[in-house]
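Novice: Below is the structure, and that's it, no one-letter string:
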(Lines give C-alpha, C1' and ligand atoms only; values in the text may rest on other atoms or scores of the structure.)
Protein backbone atom coordinates (compact mmCIF):
# COMPACT_ATOMS: atom_id res chain seq x y z
CA UNK A 1 0.00 0.00 0.00
CA UNK A 2 1.18 3.50 -0.81
CA UNK A 3 1.58 6.31 1.68
CA UNK A 4 -1.58 8.05 0.45
CA UNK A 5 -3.68 4.92 0.99
CA UNK A 6 -2.30 4.46 4.50
CA UNK A 7 -3.19 8.08 5.25
CA UNK A 8 -6.80 7.49 4.16
CA UNK A 9 -7.03 4.33 6.25
CA UNK A 10 -5.52 6.07 9.29
CA UNK A 11 -7.92 9.02 9.20
CA UNK A 12 -10.93 6.78 8.60
CA UNK A 13 -9.90 4.40 11.37
CA UNK A 14 -9.04 7.10 13.91
CA UNK A 15 -12.46 8.66 13.54
CA UNK A 16 -14.11 5.27 13.76
CA UNK A 17 -12.24 4.61 17.00
CA UNK A 18 -13.66 7.73 18.67
CA UNK A 19 -17.16 7.01 17.34
CA UNK A 20 -17.14 3.53 18.83
CA UNK A 21 -15.40 4.61 22.03
CA UNK A 22 -18.38 6.88 22.72
CA UNK A 23 -20.82 4.16 21.66
CA UNK A 24 -19.32 1.39 23.79
CA UNK A 25 -18.35 3.47 26.81
CA UNK A 26 -22.06 3.75 27.57
CA UNK A 27 -22.20 -0.02 27.93
CA UNK A 28 -18.94 -0.42 29.86
CA UNK A 29 -19.85 2.27 32.45
CA UNK A 30 -23.54 1.35 32.68
CA UNK A 31 -22.97 -0.56 35.92
CA UNK A 32 -21.92 2.71 37.55
CA UNK A 33 -24.57 5.11 36.28
CA UNK A 34 -27.58 2.77 36.05
CA UNK A 35 -28.71 3.85 39.52
CA UNK A 36 -28.19 7.55 38.80
CA UNK A 37 -31.13 7.91 36.41
CA UNK A 38 -33.71 5.53 37.90
CA UNK A 39 -35.25 4.97 41.35
CA UNK A 40 -33.33 2.76 43.76
CA UNK A 41 -34.46 -0.84 43.87
CA UNK A 42 -33.63 -4.06 42.05
CA UNK A 43 -30.14 -3.67 40.46
CA UNK A 44 -31.11 -6.01 37.61
CA UNK A 45 -34.19 -3.86 36.88
CA UNK A 46 -32.00 -0.73 36.81
CA UNK A 47 -29.62 -2.47 34.41
CA UNK A 48 -32.53 -3.51 32.21
CA UNK A 49 -33.77 0.11 32.07
CA UNK A 50 -30.27 1.26 31.10
CA UNK A 51 -29.92 -1.55 28.57
CA UNK A 52 -33.30 -0.62 27.15
CA UNK A 53 -32.06 2.90 26.44
CA UNK A 54 -28.92 1.34 24.94
CA UNK A 55 -31.13 -0.73 22.64
CA UNK A 56 -33.24 2.31 21.68
CA UNK A 57 -30.09 3.85 20.22
CA UNK A 58 -29.93 0.95 17.81
CA UNK A 59 -33.42 1.67 16.53
CA UNK A 60 -32.21 5.08 15.37
CA UNK A 61 -29.51 3.40 13.36
CA UNK A 62 -31.75 2.60 10.38
CA UNK A 63 -32.68 6.30 10.23
CA UNK A 64 -29.01 7.22 10.43
CA UNK A 65 -28.19 4.52 7.89
CA UNK A 66 -30.68 5.96 5.41
CA UNK A 67 -29.86 9.63 6.03
CA UNK A 68 -26.07 9.41 6.26
CA UNK A 69 -25.84 6.65 3.66
CA UNK A 70 -27.60 9.02 1.27
CA UNK A 71 -25.16 11.79 2.22
CA UNK A 72 -22.24 9.44 1.65
CA UNK A 73 -23.43 8.47 -1.83
CA UNK A 74 -24.57 11.93 -2.94
CA UNK A 75 -22.07 14.25 -1.22
CA UNK A 76 -19.14 11.91 -0.71
CA UNK A 77 -17.67 9.64 1.93
CA UNK A 78 -15.81 12.57 3.52
CA UNK A 79 -19.01 14.56 4.07
CA UNK A 80 -20.74 11.62 5.75
CA UNK A 81 -17.79 10.83 7.98
CA UNK A 82 -17.48 14.44 9.12
CA UNK A 83 -21.18 14.66 9.96
CA UNK A 84 -21.20 11.41 11.95
CA UNK A 85 -18.41 12.50 14.28
CA UNK A 86 -20.15 15.85 14.86
CA UNK A 87 -23.31 14.10 16.03
CA UNK A 88 -21.32 11.75 18.23
CA UNK A 89 -19.54 14.65 19.94
CA UNK A 90 -22.87 16.30 20.75
CA UNK A 91 -24.26 13.10 22.26
CA UNK A 92 -21.19 12.63 24.49
CA UNK A 93 -21.58 16.15 25.86
CA UNK A 94 -25.26 15.51 26.67
CA UNK A 95 -24.47 12.36 28.66
CA UNK A 96 -21.62 14.10 30.49
CA UNK A 97 -23.95 16.85 31.79
CA UNK A 98 -27.18 14.85 32.21
CA UNK A 99 -28.85 15.47 35.61
CA UNK A 100 -29.45 12.51 37.93
CA UNK A 101 -32.81 11.16 39.10
CA UNK A 102 -32.32 12.88 42.45
CA UNK A 103 -31.95 16.27 40.76
CA UNK A 104 -34.44 16.15 37.89
CA UNK A 105 -36.43 12.94 38.31
CA UNK A 106 -36.89 11.19 35.00
CA UNK A 107 -35.64 14.32 33.21
CA UNK A 108 -32.11 12.93 33.41
CA UNK A 109 -33.23 9.68 31.81
CA UNK A 110 -34.84 11.72 29.00
CA UNK A 111 -31.53 13.52 28.37
CA UNK A 112 -29.81 10.13 28.36
CA UNK A 113 -32.38 8.87 25.87
CA UNK A 114 -31.87 11.88 23.58
CA UNK A 115 -28.12 11.35 23.66
CA UNK A 116 -28.52 7.69 22.72
CA UNK A 117 -30.82 8.63 19.85
CA UNK A 118 -28.14 10.98 18.51
CA UNK A 119 -25.52 8.27 18.93
CA UNK A 120 -27.71 5.80 17.07
CA UNK A 121 -28.18 8.30 14.25
CA UNK A 122 -24.44 8.87 14.07
CA UNK A 123 -23.28 5.26 14.26
CA UNK A 124 -25.97 4.20 11.80
CA UNK A 125 -24.09 6.14 9.15
CA UNK A 126 -20.55 5.77 10.54
CA UNK A 127 -20.33 2.03 9.99
CA UNK A 128 -21.26 2.21 6.32
CA UNK A 129 -19.31 5.36 5.53
CA UNK A 130 -16.23 3.92 7.22
CA UNK A 131 -16.63 0.48 5.62
CA UNK A 132 -17.11 2.04 2.20
CA UNK A 133 -14.24 4.49 2.60
CA UNK A 134 -11.75 1.88 3.84
CA UNK A 135 -12.73 -0.58 1.11
CA UNK A 136 -12.57 1.96 -1.71
CA UNK A 137 -9.34 3.56 -0.50
CA UNK A 138 -7.36 0.31 -0.50
CA UNK A 139 -5.43 -1.69 -3.07
CA UNK A 140 -7.93 -4.11 -4.72
CA UNK A 141 -5.64 -6.99 -3.76
CA UNK A 142 -5.71 -5.97 -0.08
CA UNK A 143 -9.27 -4.91 0.53
CA UNK A 144 -9.74 -7.52 3.23
CA UNK A 145 -6.62 -6.34 5.05
CA UNK A 146 -7.52 -2.65 4.75
CA UNK A 147 -11.15 -3.02 5.77
CA UNK A 148 -10.15 -5.12 8.79
CA UNK A 149 -8.95 -1.88 10.37
CA UNK A 150 -12.59 -0.94 10.85
CA UNK A 151 -12.89 -3.50 13.64
CA UNK A 152 -9.35 -2.74 14.79
CA UNK A 153 -10.48 0.84 15.34
CA UNK A 154 -13.86 -0.17 16.75
CA UNK A 155 -12.16 -2.50 19.22
CA UNK A 156 -9.48 0.10 19.97
CA UNK A 157 -12.26 2.48 20.97
CA UNK A 158 -13.58 -0.09 23.39
CA UNK A 159 -10.07 -0.84 24.67
CA UNK A 160 -9.52 2.85 25.39
CA UNK A 161 -12.85 2.96 27.20
CA UNK A 162 -12.06 -0.13 29.27
CA UNK A 163 -8.54 1.14 29.93
CA UNK A 164 -9.96 4.38 31.25
CA UNK A 165 -12.39 2.39 33.36
CA UNK A 166 -9.53 0.36 34.86
CA UNK A 167 -7.62 3.57 35.58
CA UNK A 168 -10.61 5.17 37.27
CA UNK A 169 -11.32 2.00 39.25
CA UNK A 170 -7.79 2.11 40.65
CA UNK A 171 -7.67 5.83 41.38
CA UNK A 172 -11.21 6.52 42.58
CA UNK A 173 -13.38 4.93 45.23
CA UNK A 174 -16.43 2.91 44.22
CA UNK A 175 -18.70 5.57 45.71
CA UNK A 176 -16.98 8.32 43.72
CA UNK A 177 -17.38 6.35 40.49
CA UNK A 178 -21.08 5.87 41.12
CA UNK A 179 -21.47 9.52 42.12
CA UNK A 180 -19.61 11.45 39.39
CA UNK A 181 -16.66 9.45 38.07
CA UNK A 182 -18.72 7.82 35.32
CA UNK A 183 -19.06 11.23 33.62
CA UNK A 184 -15.31 11.49 32.94
CA UNK A 185 -15.19 9.09 29.95
CA UNK A 186 -17.95 11.03 28.18
CA UNK A 187 -16.02 14.28 28.57
CA UNK A 188 -12.97 12.51 27.09
CA UNK A 189 -15.12 11.22 24.21
CA UNK A 190 -16.39 14.69 23.38
CA UNK A 191 -12.85 16.08 23.28
CA UNK A 192 -11.64 13.20 21.12
CA UNK A 193 -14.49 13.72 18.66
CA UNK A 194 -13.51 17.37 18.30
CA UNK A 195 -9.97 16.33 17.31
CA UNK A 196 -11.24 13.84 14.75
CA UNK A 197 -13.59 16.43 13.29
CA UNK A 198 -10.55 18.56 12.54
CA UNK A 199 -8.72 15.60 10.92
CA UNK A 200 -11.68 14.55 8.80
CA UNK A 201 -12.15 18.04 7.37
CA UNK A 202 -8.83 17.60 5.54
CA UNK A 203 -9.21 13.95 4.53
CA UNK A 204 -9.06 12.91 0.86
CA UNK A 205 -12.04 11.52 -1.06
CA UNK A 206 -11.67 8.05 -2.61
CA UNK A 207 -10.79 7.79 -6.30
CA UNK A 208 -13.51 5.19 -6.82
CA UNK A 209 -16.18 7.64 -5.66
CA UNK A 210 -14.78 10.56 -7.67
CA UNK A 211 -14.83 8.43 -10.83
CA UNK A 212 -18.48 7.41 -10.38
CA UNK A 213 -21.03 8.80 -12.85
CA UNK A 214 -24.31 7.52 -11.40
CA UNK A 215 -25.84 11.01 -11.52
CA UNK A 216 -29.13 11.75 -9.78
CA UNK A 217 -29.70 8.10 -8.86
CA UNK A 218 -26.88 8.22 -6.34
CA UNK A 219 -27.94 7.26 -2.83
CA UNK A 220 -31.65 6.90 -3.56
CA UNK A 221 -33.98 4.21 -2.28
CA UNK A 222 -34.99 3.60 -5.88
CA UNK A 223 -31.40 2.72 -6.74
CA UNK A 224 -31.14 0.52 -3.66
CA UNK A 225 -34.32 -1.31 -4.63
CA UNK A 226 -32.55 -2.55 -7.75
CA UNK A 227 -30.22 -4.34 -5.34
CA UNK A 228 -32.82 -5.62 -2.88
CA UNK A 229 -31.37 -9.13 -2.89
CA UNK A 230 -27.97 -7.79 -1.93
CA UNK A 231 -29.62 -5.72 0.80
CA UNK A 232 -31.33 -8.83 2.18
CA UNK A 233 -28.01 -10.64 2.03
CA UNK A 234 -26.38 -7.91 4.14
CA UNK A 235 -29.09 -8.32 6.78
CA UNK A 236 -28.79 -12.11 6.82
CA UNK A 237 -25.01 -12.27 6.99
CA UNK A 238 -25.00 -9.60 9.72
CA UNK A 239 -27.48 -11.38 11.97
CA UNK A 240 -25.21 -14.01 13.51
CA UNK A 241 -22.10 -11.84 13.53
CA UNK A 242 -23.56 -8.85 15.31
CA UNK A 243 -25.19 -10.91 18.07
CA UNK A 244 -21.95 -12.81 18.71
CA UNK A 245 -19.86 -9.63 18.62
CA UNK A 246 -21.98 -7.75 21.15
CA UNK A 247 -22.23 -10.81 23.36
CA UNK A 248 -18.46 -11.18 23.67
CA UNK A 249 -17.63 -7.48 23.81
CA UNK A 250 -20.21 -5.12 25.33
CA UNK A 251 -22.06 -7.76 27.37
CA UNK A 252 -19.05 -9.84 28.44
CA UNK A 253 -17.95 -7.60 31.32
CA UNK A 254 -21.47 -7.56 32.81
CA UNK A 255 -21.83 -11.32 32.34
CA UNK A 256 -18.54 -12.04 34.13
CA UNK A 257 -19.51 -9.69 36.94
CA UNK A 258 -23.22 -10.42 37.40
CA UNK A 259 -23.39 -14.11 36.43
CA UNK A 260 -19.89 -15.56 36.88
CA UNK A 261 -19.42 -13.66 40.15
CA UNK A 262 -16.06 -12.11 39.29
CA UNK A 263 -15.21 -8.76 40.89
CA UNK A 264 -15.91 -5.81 38.58
CA UNK A 265 -12.22 -5.00 38.32
CA UNK A 266 -11.33 -8.58 37.34
CA UNK A 267 -14.15 -8.75 34.79
CA UNK A 268 -13.01 -5.46 33.26
CA UNK A 269 -9.40 -6.65 33.07
CA UNK A 270 -10.47 -9.88 31.34
CA UNK A 271 -12.36 -7.93 28.68
CA UNK A 272 -9.54 -5.42 28.27
CA UNK A 273 -6.88 -8.10 27.75
CA UNK A 274 -9.02 -10.21 25.43
CA UNK A 275 -9.90 -7.21 23.27
CA UNK A 276 -6.24 -6.28 22.77
CA UNK A 277 -5.54 -9.73 21.34
CA UNK A 278 -8.76 -9.55 19.33
CA UNK A 279 -7.73 -6.25 17.72
CA UNK A 280 -4.35 -7.70 16.71
CA UNK A 281 -6.06 -10.65 15.01
CA UNK A 282 -8.16 -8.52 12.65
CA UNK A 283 -5.48 -7.54 10.06
CA UNK A 284 -4.10 -11.09 10.05
CA UNK A 285 -7.51 -12.57 9.26
CA UNK A 286 -8.23 -9.80 6.75
CA UNK A 287 -5.00 -10.53 4.92
CA UNK A 288 -5.82 -14.24 4.95
CA UNK A 289 -9.15 -13.48 3.26
CA UNK A 290 -7.26 -11.69 0.47
CA UNK A 291 -5.48 -14.97 -0.19
CA UNK A 292 -8.17 -17.62 0.27
CA UNK A 293 -11.40 -15.63 -0.07
CA UNK A 294 -14.06 -14.24 2.26
CA UNK A 295 -16.40 -17.25 2.46
CA UNK A 296 -14.00 -19.63 4.25
CA UNK A 297 -13.60 -17.19 7.14
CA UNK A 298 -17.32 -16.45 7.37
CA UNK A 299 -18.17 -20.16 7.35
CA UNK A 300 -15.55 -20.88 10.02
CA UNK A 301 -17.06 -18.18 12.23
CA UNK A 302 -20.61 -19.46 11.78
CA UNK A 303 -19.75 -23.11 12.44
CA UNK A 304 -17.73 -22.18 15.53
CA UNK A 305 -20.36 -19.82 16.89
CA UNK A 306 -23.18 -22.28 16.27
CA UNK A 307 -21.56 -25.19 18.08
CA UNK A 308 -19.28 -23.51 20.65
CA UNK A 309 -21.41 -20.68 22.05
CA UNK A 310 -23.35 -22.79 24.55
CA UNK A 311 -20.31 -24.60 26.02
CA UNK A 312 -18.18 -21.41 26.11
CA UNK A 313 -20.84 -19.34 27.87
CA UNK A 314 -21.63 -22.19 30.27
CA UNK A 315 -17.97 -22.62 31.21
CA UNK A 316 -17.53 -18.84 31.55
CA UNK A 317 -20.28 -18.79 34.16
CA UNK A 318 -18.16 -21.14 36.28
CA UNK A 319 -14.75 -19.70 35.37
CA UNK A 320 -14.11 -18.41 38.89
CA UNK A 321 -10.89 -16.50 38.25
CA UNK A 322 -8.99 -14.36 35.74
CA UNK A 323 -7.09 -16.94 33.67
CA UNK A 324 -9.93 -19.40 32.90
CA UNK A 325 -12.20 -16.45 32.04
CA UNK A 326 -9.54 -14.94 29.78
CA UNK A 327 -8.87 -18.22 27.97
CA UNK A 328 -12.55 -18.81 27.23
CA UNK A 329 -13.08 -15.19 26.18
CA UNK A 330 -10.15 -15.40 23.77
CA UNK A 331 -11.51 -18.61 22.26
CA UNK A 332 -14.83 -16.92 21.64
CA UNK A 333 -13.23 -13.83 20.08
CA UNK A 334 -10.99 -15.92 17.81
CA UNK A 335 -14.16 -17.49 16.43
CA UNK A 336 -15.85 -14.09 16.02
CA UNK A 337 -12.79 -12.79 14.10
CA UNK A 338 -13.92 -14.81 11.08
CA UNK A 339 -16.82 -12.36 10.79
CA UNK A 340 -15.48 -9.08 12.15
CA UNK A 341 -12.26 -8.96 10.13
CA UNK A 342 -13.95 -8.97 6.72
CA UNK A 343 -17.65 -8.19 7.02
CA UNK A 344 -17.10 -4.54 6.08
CA UNK A 345 -15.50 -5.28 2.73
CA UNK A 346 -17.88 -8.14 1.94
CA UNK A 347 -20.86 -5.81 2.25
CA UNK A 348 -19.20 -2.98 0.34
CA UNK A 349 -18.22 -5.37 -2.45
CA UNK A 350 -21.87 -6.24 -3.09
CA UNK A 351 -22.96 -2.80 -4.33
CA UNK A 352 -22.03 -0.34 -7.11
CA UNK A 353 -20.37 2.95 -6.12
CA UNK A 354 -23.48 5.11 -6.48
CA UNK A 355 -25.43 3.20 -3.84
CA UNK A 356 -22.63 1.54 -1.89
CA UNK A 357 -22.85 3.61 1.31
CA UNK A 358 -26.65 3.39 1.48
CA UNK A 359 -26.60 -0.28 0.46
CA UNK A 360 -24.34 -1.13 3.36
CA UNK A 361 -25.82 1.32 5.87
CA UNK A 362 -29.57 0.72 5.81
CA UNK A 363 -29.77 -3.12 5.84
CA UNK A 364 -26.87 -3.38 8.27
CA UNK A 365 -28.51 -0.86 10.60
CA UNK A 366 -31.81 -2.75 10.42
CA UNK A 367 -30.09 -6.02 11.32
CA UNK A 368 -28.30 -4.34 14.22
CA UNK A 369 -31.51 -2.79 15.50
CA UNK A 370 -33.20 -6.18 15.52
CA UNK A 371 -30.33 -8.32 16.80
CA UNK A 372 -27.16 -6.48 17.87
CA UNK A 373 -28.79 -3.69 19.85
CA UNK A 374 -31.15 -6.04 21.64
CA UNK A 375 -28.55 -8.72 22.50
CA UNK A 376 -27.77 -7.33 25.94
CA UNK A 377 -31.42 -6.73 26.76
CA UNK A 378 -32.36 -10.26 25.65
CA UNK A 379 -29.54 -11.66 27.80
CA UNK A 380 -30.76 -9.76 30.87
CA UNK A 381 -34.35 -10.80 30.15
CA UNK A 382 -33.37 -14.46 30.17
CA UNK A 383 -31.40 -13.89 33.38
CA UNK A 384 -34.32 -12.18 35.10
CA UNK A 385 -36.61 -15.02 34.00
CA UNK A 386 -34.25 -17.54 35.61
CA UNK A 387 -33.33 -19.18 32.30
CA UNK A 388 -30.02 -17.54 31.45
CA UNK A 389 -28.85 -20.47 29.33
CA UNK A 390 -31.67 -19.71 26.90
CA UNK A 391 -29.65 -16.72 25.71
CA UNK A 392 -26.73 -18.98 24.79
CA UNK A 393 -28.99 -20.98 22.50
CA UNK A 394 -30.37 -17.77 21.02
CA UNK A 395 -26.86 -16.64 20.02
CA UNK A 396 -26.12 -20.06 18.53
CA UNK A 397 -29.38 -20.04 16.56
CA UNK A 398 -28.61 -16.62 15.04
CA UNK A 399 -25.20 -17.90 13.95
CA UNK A 400 -26.83 -20.97 12.40
CA UNK A 401 -29.08 -18.76 10.24
CA UNK A 402 -26.06 -16.83 8.99
CA UNK A 403 -24.23 -20.09 8.30
CA UNK A 404 -26.88 -21.02 5.73
CA UNK A 405 -26.31 -17.67 4.00
CA UNK A 406 -22.52 -18.02 4.00
CA UNK A 407 -22.78 -21.48 2.45
CA UNK A 408 -24.95 -20.21 -0.42
CA UNK A 409 -23.50 -16.77 -1.16
CA UNK A 410 -21.03 -15.99 -3.93
CA UNK A 411 -17.37 -15.17 -3.27
CA UNK A 412 -16.73 -11.40 -3.47
CA UNK A 413 -12.95 -11.16 -3.14
CA UNK A 414 -12.15 -10.66 -6.83
CA UNK A 415 -14.94 -8.23 -7.75
CA UNK A 416 -13.87 -4.95 -9.37
CA UNK A 417 -15.52 -2.14 -7.38
CA UNK A 418 -15.56 0.14 -10.42
CA UNK A 419 -17.42 -2.44 -12.51
CA UNK A 420 -20.12 -3.69 -10.16
CA UNK A 421 -23.26 -3.19 -12.23
CA UNK A 422 -25.92 -0.65 -11.39
CA UNK A 423 -28.63 -3.19 -12.11
CA UNK A 424 -28.99 -5.59 -9.22
CA UNK A 425 -27.71 -9.09 -9.74
CA UNK A 426 -28.33 -11.75 -7.18
CA UNK A 427 -25.44 -12.82 -5.01
CA UNK A 428 -27.57 -15.39 -3.24
CA UNK A 429 -26.37 -18.06 -5.64
CA UNK A 430 -24.09 -20.94 -4.75
CA UNK A 431 -20.39 -20.29 -5.09
CA UNK A 432 -18.88 -21.68 -8.24
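Specialist: Done, it's in. These numbers were taken from a predicted model, which means no experiment stands behind them.

Novice: For the stretch 51-200 of the chain, give me the ranges with low pLDDT.
Specialist: Counting by pLDDT under 70, the stretch 51-200 of the chain has low-confidence residues at 51, 54-55.

Novice: 50 - rerun?
Specialist: Applying pLDDT under 50 to the stretch 51-200 of the chain flags no residue at all.

Novice: Just the helices from it, written as ranges.
Specialist: Applying DSSP state H, counting those that start in this stretch to the stretch 51-200 of the chain gives helices spanning 61-74, 77-97, 101-104, 107-136, 143-147, 149-171, 174-179, 184-201.

Novice: just those helices: most buried one?
Specialist: Mean neighbour count (mean count of other CB atoms under 10 Å) peaks for helix 143-147 among these, with a mean of 29. (Each C-beta comes from the backbone N, C-alpha and C, glycine too.)

Novice: so how far is it off the chain centroid?
Specialist: 17 Å (CA atoms, centre = their mean, to the nearest Å).

Novice: Ramachandran angles for residue 218?
Specialist: Backbone torsions for residue 218, taken as degrees, to the nearest 10, come to phi -60, psi 130.

Novice: Report pLDDT for it.
Specialist: With respect to pLDDT, residue 218 scores 89.

Novice: quick revisit: please name whichever of the helices of the stretch 51-200 of the chain is nearest to residue 373.
Specialist: Residue 373 sits nearest to helix 61-74 of all the helices of the stretch 51-200 of the chain, at 7.3 Å, using CB to CB.

Novice: That closest one to helix 107-136, inter-axis angle?
Specialist: Interaxial angle of helix 61-74 relative to helix 107-136 (axes from the mean of the first three to the mean of the last three CA atoms, to 10 degrees): 40 degrees.

Novice: Can you tell me what sits against helix 61-74?
Specialist: 79-81, 83-84, 120-129, 132, 214, 218-221, 354-366, 368-369, 373 (CB atoms under 8 Å, 6 or more residues apart in numbering).

Novice: one more time with 7 Å
Specialist: If you take CB atoms under 7 Å, 6 or more residues apart in numbering as the criterion, helix 61-74 is touched by 79-80, 83-84, 120-125, 128-129, 132, 218-219, 354-358, 361-362, 364-366, 368-369.

Novice: Give the buried residues for stretch 309-324.
Specialist: Within stretch 309-324, the residues that qualify as buried are 309, 312, 313, 316, 317, 319, 322, counting by 16 or more other CB atoms under 10 Å.

Novice: Show the average pLDDT along it.
Specialist: 96.

Novice: Likewise for stretch 281-290?
Specialist: Regarding stretch 281-290, the rounded mean pLDDT is 97.

Novice: Quick check: residue 86 touching residue 197?
Specialist: Yes - between residue 86 and residue 197 a contact is recorded at 6.1 Å, counting by CB atoms under 7 Å.

Novice: Please name the nearest non-neighbouring residue to residue 296.
Specialist: What sits nearest to residue 296 in space, not counting adjacent residues and going by CB to CB, 6 or more residues apart in numbering, is residue 289, at 7.8 Å.

Novice: now residue 415
Specialist: residue 349 (5.1 Å).

Novice: Report how many residues lie close to the one you found.
Specialist: Neighbours of residue 349 under the rule other CB atoms under 10 Å: 25.
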